[in-house]
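K.L.:
Predicted model and sequence follow; I will ask about them next.
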Protein chains: 2
Amino acid sequence: MNRTTDAAVPGELAARLLEVAVAEAEAGLAEGGIPIGAALFDADGTLLGRGHNRRVQDDDPSVHAETAAFRAAGRQRDYRSTIMVTTLSPCWYCSGLIRQFGIGSLVIGESVTFTGGHDWLAEHGVAVTLLDDSRCVEMMARFIRERPALWNEDIGVAE
Amino acid sequence: MNRTTDAAVPGELAARLLEVAVAEAEAGLAEGGIPIGAALFDADGTLLGRGHNRRVQDDDPSVHAETAAFRAAGRQRDYRSTIMVTTLSPCWYCSGLIRQFGIGSLVIGESVTFTGGHDWLAEHGVAVTLLDDSRCVEMMARFIRERPALWNEDIGVAE
């Protein structure tokens, strides 16, 4: 499944940019954390910031992959031409970030294991490229199977 | 104007909790920052975390008042009974935070100078108490008048 809105990031560029987010997710997993990675790029694919979920590592519930990448990119005056790339469909927290700051494009590794607000973002003008990357699916599926309580904590699901 | 949904935080408690958020906003202003403050409380009004916007102070675009308060509260297992109190209607980023983590109640100092996603949150089950606090209105109105470029940067409005 590849759902893509108009003016979305071309597939070849999307796949290349996703590699950075996957590397972040793998780094987070190796640290004992939640394997979600993200990166913010300029329109031409220049890296602005990258990061991964650090709930476990920093004991900080506010550091999702997308917010970490956004933070690492520093203060930007205009996000319309930027591309947020994430291994997993962004939760409402991260979707809200993308909408508020007017990030123009979004590339998602997969939304099989979790679906957040990417359809809502597309409705509000974000150019969404949804990939179906098997590494992303397998990494999250295994993590959710092995650490369900931690995963539920990260998405605010009370048990 | 006091718009309140069912099961919202009672007015007297809301006003008392708002004082903490106002103190945070004033602290941010005194530091040369954007005067928005927030605090997260348990249902009985016990403080869990407080904070203010630190875009200027930390040169960090990811620290909005609500995300700072959420972070300061540490990892909580269940947010349903918690109350997010903020001096200003939460932007989409902060509204997304509230929705994703299932924060049950929201108290807002004002939405005169800016309206974010609080109606959307009410539609999705958050008990919203919207106050019309004149200190909050005056603080933000003055800030927006004096520092329009900084304010636009904080809400992602390109110039």
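P.N.:
Received the coordinates, thanks.
K.L.:
Which one of the residues in chain A is closest to chain B?
P.N.:
For chain A, the residue closest to chain B is residue A:96, as judged by Cβ to the nearest Cβ, at 2.3 Å. Glycine gets a C-beta too; all of them are placed from N, C-alpha and C.
K.L.:
Once you drop chain neighbours, what's closest to that residue?
P.N.:
Leaving aside its sequence neighbours, residue A:96 sits nearest to residue B:96 (Cβ to Cβ, 6 or more residues apart in numbering or on different chains; 2.3 Å).
K.L.:
Quick check: the residue of chain A closest to chain B is in a helix.
P.N.:
Yes. When classified by DSSP: H, G, I helix; E, B strand; the rest coil, residue A:96 is found to be part of a helix.
K.L.:
contacting residues around it?
P.N.:
Going by Cβ atoms under 8 Å, 6 or more residues apart in numbering or on different chains, residue A:96 touches A:117, B:91-97, B:99, B:117.
K.L.:
can you redo those residues as CSV with pLDDT and distance to residue A:39?
P.N.:
Output for the contacts of residue A:96, formatted as CSV (pLDDT from 0 to 100; distance: Cβ to Cβ, whole Å):
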residue, pLDDT, distance to residue A:39
A:117, 98, 19
B:91, 98, 23
B:92, 98, 21
B:93, 98, 18
B:94, 98, 23
B:95, 98, 24
B:96, 98, 20
B:97, 98, 21
B:99, 98, 24
B:117, 98, 26
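K.L.:
Around chain B, pick out the residues from chain A.
P.N.:
A:55, A:59-62, A:67, A:70-71, A:74-80, A:91-97, A:99-102, A:116-117, A:153, A:155-159 (Cβ under 8 Å from any Cβ of the partner chain).
K.L.:
who touches the one residue sitting closest to the centre of chain A in this structure?
P.N.:
Chain A has residue A:86 as the residue nearest its centroid, 2.4 Å off, counting by Cα atoms, centre = their mean. Applying Cβ under 8 Å, 6+ apart to residue A:86 gives the contacts A:21, A:36-38, A:65-66, A:69, A:94, A:106-109.
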